[in-house]
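> 3D model of this:
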Amino acid sequence: MTLLGAQAQIISDVVKWTRSVEDNSPTEKTIVLTATIKPNWHLYATDLPAGGPTPTHLLVDKISGAELVGKLTSDTKPIEKYDPNFEMNLRFFSGKVTFRQKIRITDPTKFAFEGAIRHMACDDERCLSPSNWDFSVQAKDLGKLAGAAPTATAESQAPQAPTPIMGEPSADSTTSAPDTLSANQETAQGAVSDLWAPVIPELKAYGDKALNQAEGSLWMLLVGGFLGGLVALVTPCVWPMIPMTVSFFLKRSKDRKKGIRDAVLYGISIIVIYVALGLAVSGAFGASALNDLATNAYFNIAFFLLLVFFAVSFFGAFELVLPASWTSKMDQKADSASGLVSIFFMAFTLSLVSFSCTGPIIGTLLVQAATSSTGILAPAIGMLGFALALALPFTLFAIFPNLLQSMPKSGGWLNSVKVVLAFIELALALKFLSVADLAYGWHILDREVFLSLWIVIFTLLGLYLIGKIRFPHDTPQEKTPIPALFLAIVSFAFALYMVPGLVGAPLRAISAFSPPLSTQDLNLYKGEVHAQFSDYETGMAYAKQVGKPVMIDFSGYGCVNCRKMEASVWTDANVKATLDNDYVLITLMVDEKTALPEPIEVEEAGKKIKLRTVGDKWSYLQRMKFGANAQPFYVLLDNEGKPLASSYAYNEDVPAYMDFLKAGLAEYSARKK
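Numbering: from 1, shown residues only. Model (predicted):
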């Protein structure tokens, strides 16, 4: 589900497979299938619940002279975490994993085995279509063999239909196949139909307007860290230290240039310390472990309690400080050292002294970095942004000391900043508790309960800002400051904005924080968009008949960002009206598990592969015709299967999506003329 643009992309080499055979005994062998998974990606386990993504499983096209013994098993325990999109716990592997399938040899003279390992790979923001890795085992691979006589079992299994998949319908399932099964299968195999003809050059001709997702994520993480650092600046732990520290550097040096140099080195030391913290966290846990930790139910409960603890402290119930001996030792080292070492220890002292205010911000930032898919650099990039904002005023005021005179003095407003942060921390804490609530199925924090608590929190925040609520450490005020009034208006407006969500409004602005709409009991909202067709050829034929352009929506049951687009973009009134009235919408599920009547053999990248399911067919269509294999992927076509505009992928920008749809309509009208 990576951010793709008009220039289609194929994401490859995510999972590499190797095959070997273990010689257990003359009559029993083990087929060993080893998967090497690209960093930050994961491969699903073999035993997923029904209704979830595609599990890793064995497909048997042909087996003779042998029989399967037991099921496909893995040699390591899978990672397990809760997926809110499926509302279930899912199991997966990262790094490297080996699967084993035992077989019993019944007739060595007739032995033959042909099959595939079917798997689905995802990272935190994208899923690839389920794919097959074909392999075969020959008699020469089996090692020592015993002269076993042919048995009825062996004869009955040559050839054998594909092994039924856990959670997938078998051939005799009562689940009816979609209308795609009536389509001409030769279109997929030979791509002879114009509707299947590749259009990759045409898509490239429209230009690539998309940004690279990984780079975009790193930039957003840097910006988020910088904003967090700006918030930390105006806390009581940091703000008073700015003039004190800058004045110290300017006064201790006879030469003003040397004082400025020392202040700059002080700022650089702050950056080094916090970036080192980010790298230490990554080095200790690893990028994938950080993500697992961040989505773990126990971790989320612990972080919820930690944020509540900080919030109570910020409200004034108690003062949270690190042991005085720590800061004393740092002060002593700063005094005893000289030069750069002394400056570094002073910066380290600032980090320790300000912990009670910066701790919650840093902790939240590291959690956000852990959930990104940008690898081991993510925590360091976040800390770089945070440290840049924190170090900026020390350097700036050292260069322009006259600015210190215009700097707001310390006072009661700093305590107000802490209280505002406390309210925000309580709101964020509920997000982490929500993850645990969904994981354990407690249903104590369903969507309407979550929204109710947020409405109360931001209403109380507004009342605090206008002086209607006071805490023990607050300075009495007779008049409401103008900045506080405007912030109160924002807080009240945000609380009011969430009220319609209690009856099912999608609330796109907070869709990433609130529990899924499916957890809500009362839902009066009817603004969803539903595809008219789930078959490519049938939908294209209908569009030609009614004279409308087509939007192909390559989606998947396991596609997280597909659901986000449907909830936050398709529910827009203009987008919904355009999709319902001006386009024929065809949604193709690339992980559809319904089996095709017969496997279809096609050639791709010089290799012969087999399409076994409906999802295989649509995934092949996406790769072969459009040169992409990640979802969501939207493409606009005319009635001949030619693109009308650049493709579009995951981007929750509604105006951009409307521009995408309008461009297709304009091009379609021009071609008709």
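
> which pLDDT does the model give Leu430?
We have a pLDDT of 91 for Leu430.

> doesn't Ala541 make contact with Val550?
No: using C-beta atoms under 8 Å, Val550 is not in contact with Ala541; the gap is 10.4 Å. Where C-beta positions appear, they are placed from N, C-alpha and C, glycine not excepted.

> look at the two and report which has more neighbours.
Val550 (26 against 15; other C-beta atoms under 10 Å).

> which residue ranges form the strands in the stretch 501-650 of the chain?
Here the stretch 501-650 of the chain has its strands, by DSSP state E, counting those that start in this stretch, at 550-555, 584-589, 595-604, 607-613, 630-631, 633-637.

> direction included, what does the shortest one pair against?
By that I understand strand 630-631. strand 127-128 (antiparallel) (DSSP bridges).

> helix or strand right after the strand it pairs with?
strand 131-137 (DSSP states H and E).

> for that next one, buried residues please.
131-134, 137 (16 or more other C-beta atoms under 10 Å).

> now stretch 38-46
38, 40-46.

> show me how the chain divides into domains.
If you go by automatic domain parsing, the domain ranges for the chain are 15-163, 205-209+527-672, 234-407, 411-525.

> mean pLDDT lowest where, among those?
Taking the mean pLDDT of the domains of the chain, domain 234-407 comes last: a mean of 70.

> list just the nearest of the buried residues of strand 131-137 to Pro379.
Ser131 (31.9 Å; C-beta to C-beta).

> what pairs with the closest one across the strands?
His119.

> could you check how far it is from Ile63?
22 Å (C-beta to C-beta, to the nearest Å).

> who wins for proximity to Val246 among the strands of the stretch 501-650 of the chain?
Nearest to Val246, of the strands of the stretch 501-650 of the chain and by C-beta to C-beta, is strand 630-631 at 49.7 Å.

> just how off-centre is that closest one within its chain?
13 Å (C-alpha atoms, centre = their mean, to the nearest Å).

> buried ones in the host helix or strand of Arg671?
Assigned by DSSP H and E, Arg671 falls within helix 654-672. Buried residues in helix 654-672, defined by neighbour count with 16+ other C-beta under 10 Å: 654, 657, 660-661, 663-665, 667-668.

> just the closest of the residues you listed to Glu478, please.
Taking C-beta to C-beta as the measure, Glu478 sits nearest to Val654 out of those, at 44.5 Å.

> not counting its neighbours along the chain, what's nearest that closest one?
Asp572 (4.8 Å; C-beta to C-beta, 6 or more residues apart in numbering).

> let me see the contact set for that neighbour.
By C-beta atoms under 8 Å, 6 or more residues apart in numbering, the contact set of Asp572 is 654, 657-658.

> for Leu340, same thing?
Per C-beta under 8 Å, 6+ apart, neighbours of Leu340: Leu265.

> need phi/psi at the residue nearest to Val654.
phi -60, psi 140 (degrees, to the nearest 10).

> next: Phe113.
phi -140, psi 120.

> now the closest residue to it other than its chain neighbours: how far from Lys38?
Spatially, and ignoring its direct neighbours in sequence, Phe113 is nearest to Val137 (4.1 Å; C-beta to C-beta, 6+ apart). Relative to Lys38, Val137 is positioned 26 Å away (C-beta to C-beta).

> cool, and Lys418?
44 Å.

> repeat for Pro655
34 Å.

> then Lys16?
8 Å.

> and for Leu636?
Leu636 is 31 Å from Lys38, by C-beta to C-beta.

> and Trp239, by the same measure?
45 Å.

> do the same with Thr46
Taken as C-beta to C-beta, the span from Thr46 to Lys38 is 20 Å.

> the strands in the stretch 1-150 of the chain, which residues?
So, for the stretch 1-150 of the chain - with DSSP E, counting those that start in this stretch - the strands run 15-23, 28-37, 42-44, 57-64, 66-74, 79-83, 88-93, 96-105, 112-119, 121-122, 127-128, 131-137.

> most tightly surrounded among the ones you listed?
Each of the strands of the stretch 1-150 of the chain was assessed for mean neighbour count using mean count of other C-beta atoms under 10 Å. The highest is strand 127-128, with a mean of 27.

> next one: that one to chain centre, how far?
The answer for strand 127-128 is 11 Å, by C-alpha atoms, centre = their mean.

> also stretch 426-438?
On C-alpha atoms, centre = their mean, the centre of stretch 426-438 falls 17 Å from the chain's centre.
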